[in-house]
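S.K.: I need the structure of the sequence given here:
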Amino acid sequence: MSSGSELLKQLAREVTLLPQEEVLEVGRRRKSLFIGIPKETSFQEHRVPLTPQSVAVLTGRGHQVVIERDTGRAVQFQDSDYSEAGAQVVESAEEVFKADLILKVAPPSHREIEMLRHRQILISALQLTVQPKDTLRRMMEKRMTAVAWDFIKDREGIYPIVRAMGEIAGTTSIQIAGEYLSADKGGPGLMLGGISGVAPAEVVIIGAGTVGEFACRAALGTGASVKLFDRSIYRLRRLQNDLGQRLWTSVIQPEEIKKALRHADVAIGALRPEQGRTPMVVTEEMVRDMKAGSVIVDISIDRGGTFETSEVTTHTDPVYKRYGVIHYCVPNIASRVPRTASYALSNIFGPLLLGMGDKGGFEELIKTNLGLRHGVYLYNGSLTSPILGEAFKLPYKDLDILLAAF
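M.R.: Got it, this is the predicted structure:
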């Protein structure tokens with residue numbers, strides 16, 4: 001980008017943040033939100049964005065919430081729980097999509113996009129790897145605004161929802177590994193922690209980000225022996241400091257990984273790419289050398305996988321064996337524990353929506369909330385994501401400039 005464009009962008013951002021008393025006074029006026037929550041239709045997606053408790057807080061502050069019947073059934077939230085919280089329970093998605101703001105977990109389906117209205121606001125996942133170009137064009141034609149919750153940041157610059165789902169995935173991966181080490185699941189019949197006189201299971205974790213951190217915490221909590229790999233010595237050092245104990249760690253080197261995997265009972269793939277595909281650091285040969293009955297849980301499978309032998313599986317048919325090694329490669333591990341995940345989502349969405357109402361609505365909030373603004377990829381029909389624009393060869397505009405002109 002040229003220096004002139006950079007200057008224009010900086011000026012636009014400063015304009016949106018100017019402390020104009022009249023503008024701020026208007027912005028402080030509360031606005032009642034009309035929020036719609038449709039039932040998720042994506043395969044094996046059981047999470048809900050708001051719990052009945054969060055809905056009760058929102059309706060208690062004067063906001064209107066409409067929710068499709070049976071939305072919370074998979075997580076044991078009854079329709080009566082939502083109606084008693086003040087929500088209106090309706091029979092069809094068409095009725096939900098009459099709301100001004102649609103809140104959902106999974107990206108919108110083709111049918112849901114057809115139901116979206118002119119200048120409506122959608123908050124959902126984006127999932128760049130599966131976002132079809134024609135879907136994006138249709139949303140642009142609707143002149144709507146779309147926010148990707150997986151790109152929303154908090155005040156510290158962290159992606160709070162992505163981190164929460166990562167914490168769940170990391171912890172759950174060890175529970176899954178322990179389950180498939182048992183004899184009745186085709187494993188060798190091992191306990192992760194062992195007992196007096198019997199060595200604990202050896203767990204190799206590849207990746208020291210959020211997912212790797214919580215996999216490590218969960219494994220250590222069972223008493224397992226852990227070896228941790230990452231590309232960054234900084235992340236390895238930081239995790240050791242956070243855990244408050246010495247841990248076997250190594251930067252990613254093929255020979256070291258091969259040696260560790262040869263003795264491993266469990267291997268967790270927890271690498272995340274900066275962009276694009278996850279680095280595949282475990283070769284087929286390395287997997288072939290692993291012990292029969294050992295377990296691989298490849299959490300990185302949603303971005304291609306850390307193991308060369310990984311193939312996408314589902315919650316209904318989650319595992320397969322390759323070279324005698326059990327592979328668990330379900331992309332959406334958080335949906336295995338949807339009630340926990342739903343509470344985690346609601347803890348973030350609830351306060352966000354309350355703040356939106358207190359600030360005077362979505363338009364007013366994104367002028368000052370840079371974290372929410374980071375998640376906006378469509379604004380009144382204009383594409384504002386450089387990543388999507390470059391990926392699909394579509395024109396995009398700078399959101400700061402659009403807001404300054406608004």
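S.K.: which of the three states applies to G62?
M.R.: coil (DSSP: H, G, I helix; E, B strand; the rest coil).
S.K.: just checking, it touches K31?
M.R.: No: in this structure, G62 is not within contact of K31 by CB atoms under 8 Å, at 9.3 Å. In short, each C-beta sits where N, CA and C put it, glycine included.
S.K.: those two: which has the busier surroundings?
M.R.: Ranked by neighbour count (other CB atoms under 10 Å), G62 and K31 place K31 first, with 17 against 11.
S.K.: name the secondary structure element that contains that one.
M.R.: Take DSSP states H and E as the rule and K31 turns out to sit in neither a helix nor a strand.
S.K.: which residues are in contact with it?
M.R.: 356-357, 359-361, 364 (CB atoms under 8 Å, 6 or more residues apart in numbering).
S.K.: give me the common contacts of G62 and K31.
M.R.: G357.
S.K.: quick revisit: got the contacts of K31 as TSV, with neighbour count and secondary structure columns?
M.R.: Formatted as TSV, those follow (neighbours: other CB atoms under 10 Å; DSSP: H, G, I helix; E, B strand; the rest coil):
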residue	neighbour count	secondary structure
M356	23	helix
G357	19	helix
K359	20	helix
G360	18	coil
G361	19	coil
E364	19	helix
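S.K.: for those, which two are the farthest from each other?
M.R.: Spatial extent of the contacts of K31 (CB to CB) is set by the pair G357 and E364 at 10.0 Å.
S.K.: where do the helices sit along the stretch 51-200 of the chain?
M.R.: Under the criterion DSSP state H, counting those that start in this stretch, helices of the stretch 51-200 of the chain are mapped to 52-60, 79-84, 93-96, 110-115, 133-141, 160-181.
S.K.: what's downstream of the helix or strand of the chain with the lowest mean pLDDT, the next helix or strand?
M.R.: Sorting the helices and strands of the chain by mean pLDDT, DSSP states H and E puts helix 21-27 at the bottom, at a mean of 45. Downstream of helix 21-27, the first helix or strand assigned by DSSP H and E is strand 34-37.
S.K.: quick one: V295 and G186 touch, right?
M.R.: No: V295 is beyond contact range of G186, at 9.7 Å (criterion: CB under 8 Å).
S.K.: what touches both of the two?
M.R.: Here V295 and G186 have 180, 326 as joint contacts, going by CB under 8 Å, 6+ apart.
S.K.: more crowded one of these two?
M.R.: V295 (30 against 14).
S.K.: what about the stretch 151-300 of the chain, any weak spots by pLDDT?
M.R.: 275-276 (pLDDT under 70).
S.K.: the same query, at a cut-off of 80, please.
M.R.: Applying pLDDT under 80 to the stretch 151-300 of the chain flags residues 273-277.
S.K.: quick one: the closest residue in space to H118 that isn't next to it in sequence and I206, what's the gap?
M.R.: Leaving aside its chain neighbours, H118 sits nearest to R143 (5.6 Å; criterion: CB to CB, 6 or more residues apart in numbering). Relative to I206, R143 is positioned 44 Å away (CB to CB, to the nearest Å).
S.K.: please tell me how far the spatially most central residue of the chain sits from T145.
M.R.: Residue closest to the average C-alpha location in the chain (CA atoms, centre = their mean): V162, at 3.7 Å. Distance, V162 to T145, using CB to CB: 21 Å.
S.K.: hmm, I35 and K98 touching each other?
M.R.: No: look at K98 against I35 with CB under 8 Å: they stay out of range, at 11.4 Å.
S.K.: and those two? Which one has more around it.
M.R.: Legend: neighbour count by other CB under 10 Å for K98 and I35, higher for I35 (27 against 14).
S.K.: check contacts around the more buried one.
M.R.: Counting by CB under 8 Å, 6+ apart, I35 makes contact with 58, 63-66, 99-103, 353.
S.K.: 7 Å - rerun?
M.R.: Neighbouring residues of I35 by CB atoms under 7 Å, 6 or more residues apart in numbering: 63-65, 99, 101, 103, 353.
S.K.: next: A344.
M.R.: Counting by CB under 7 Å, 6+ apart, A344 has contacts 164, 168.
S.K.: show the pLDDT at it.
M.R.: Here the pLDDT value assigned to A344 is 97.
S.K.: with S335 instead?
M.R.: The predicted local confidence for S335 is 89.
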